[in-house]
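K.L.:
Got a sequence here, can you model it:
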Amino acid sequence: MSAEATCAVCGRTILAGERIHGFIDGGGEQPVCELCVARAERLGWRPAGEPEPERPAGGHEGRWRLRGLLSRRERRSGEPAPGRFQRFRSQDTQKSGNDAGAEPDLATTERRSRPTPSLDFDAPSPFERAVARFNSGEGGRTVAGLTRTLGKPQASVGAAAGKPGEVRITVAWELSWYQWGIDIGDELRPVFQIDKGREIDELDPAARQWNASVDEEGRLALAERAARR
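P.N.:
The predicted structure follows:
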């Protein structure tokens, strides 16, 4: 993969040594970064190397995509998806004959009474969760104060190189810049400052992928989320 490759989901530049996942989006294989794997699956993309499931007749494209997504989750967890589990249990019960005098299976009854979880296609991405934590913490207050003094800055949100599970936020003005880290795997760990400097040229190319905006109150928003609003 070339040094200029970018994640097909979030659009940021992929760093050397960063783990990349290949996904098929209908037009060929696309590179996806570690933090965007779940979003690619929600979009219905298929991991590269995985055989394409048989498309159903009748034009039920949405059901076909959902079935492929549930199949991938089953392979990762080793357990069947909730809807399939309940369907198979129902078939087993019918085959047993449901004898009138038989004792009820309490474990089966409890499973049936549980609501089937739904897929939340609007769940926030790791970058969106990181931005929300940043805005509510000390880093967000620092940006708000500097914005009132220096004006609106440029901002980028991306994965921290060599640190899976960490998101790096860079905010830069003409003569000053700051970087913070957010550990999205540890909600109790505070947002921490990574570095700061004066010249934007000091930043690595990935940090200059300006994919976020800062409003008048100094609050960050990913460009994709802002566009949806």
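
K.L.:
domain assignment for the protein?
P.N.:
Domain segmentation of the chain under automatic domain parsing yields 20-77, 82-113, 126-228.

K.L.:
rank these by pLDDT, which is bottom?
P.N.:
Ranked by mean pLDDT, those bottom out at domain 82-113, which scores a mean of 51.

K.L.:
Quick check: nearest residue in space to Ala161, chain neighbours excluded?
P.N.:
Leu15 (4.7 Å; Cβ to Cβ, 6 or more residues apart in numbering). (Glycine included, C-beta is placed from N, CA and C.)

K.L.:
residues near the one you found, how many?
P.N.:
18 (other Cβ atoms under 10 Å).

K.L.:
again, but for Pro205
P.N.:
Neighbour count for Pro205, taken as other Cβ under 10 Å: 10.

K.L.:
and Gly139, that's in a helix?
P.N.:
Yes - Gly139: assigned to a helix according to DSSP: H, G, I helix; E, B strand; the rest coil.

K.L.:
Could I get the contacting residues of it?
P.N.:
169, 178, 180, 191, 193 (Cβ atoms under 8 Å, 6 or more residues apart in numbering).

K.L.:
Which of those residues sits closest to Thr149?
P.N.:
The shortest separation between Thr149 and any of the contacts of Gly139 is 13.4 Å, and it belongs to Tyr178 (by Cβ to Cβ).

K.L.:
how close does the closest one get to Arg198?
P.N.:
As defined by Cβ to Cβ, to the nearest Å, Tyr178 lies at a distance of 11 Å from Arg198.

K.L.:
what packs against the one helix or strand Trp180 maps to?
P.N.:
Assigning secondary structure by DSSP states H and E places Trp180 in strand 176-183. In this structure, strand 176-183 makes packing contacts with helix 126-135, helix 138-150, strand 166-173, strand 192-197, judged by 3 or more Cβ pairs under 8 Å, 6 or more residues apart in numbering; DSSP states H and E.

K.L.:
Show me what that strand is in contact with.
P.N.:
Outside strand 176-183, the residues touching it (Cβ under 8 Å, 6+ apart) are 130, 133-134, 139, 142-143, 146, 150, 160, 163, 165-172, 189, 191-198, 200, 202-203, 207.

K.L.:
what's the angle from it to strand 192-197?
P.N.:
160 degrees (axes from the mean of the first three to the mean of the last three Cα atoms, to 10 degrees).

K.L.:
List the buried residues for strand 176-183?
P.N.:
When burial is assessed from 16 or more other Cβ atoms under 10 Å, strand 176-183 yields the following buried residues: 177-183.

K.L.:
same thing with stretch 146-158?
P.N.:
Judged by neighbour count using 16+ other Cβ under 10 Å, the buried positions of stretch 146-158 are 146-147, 153-158.
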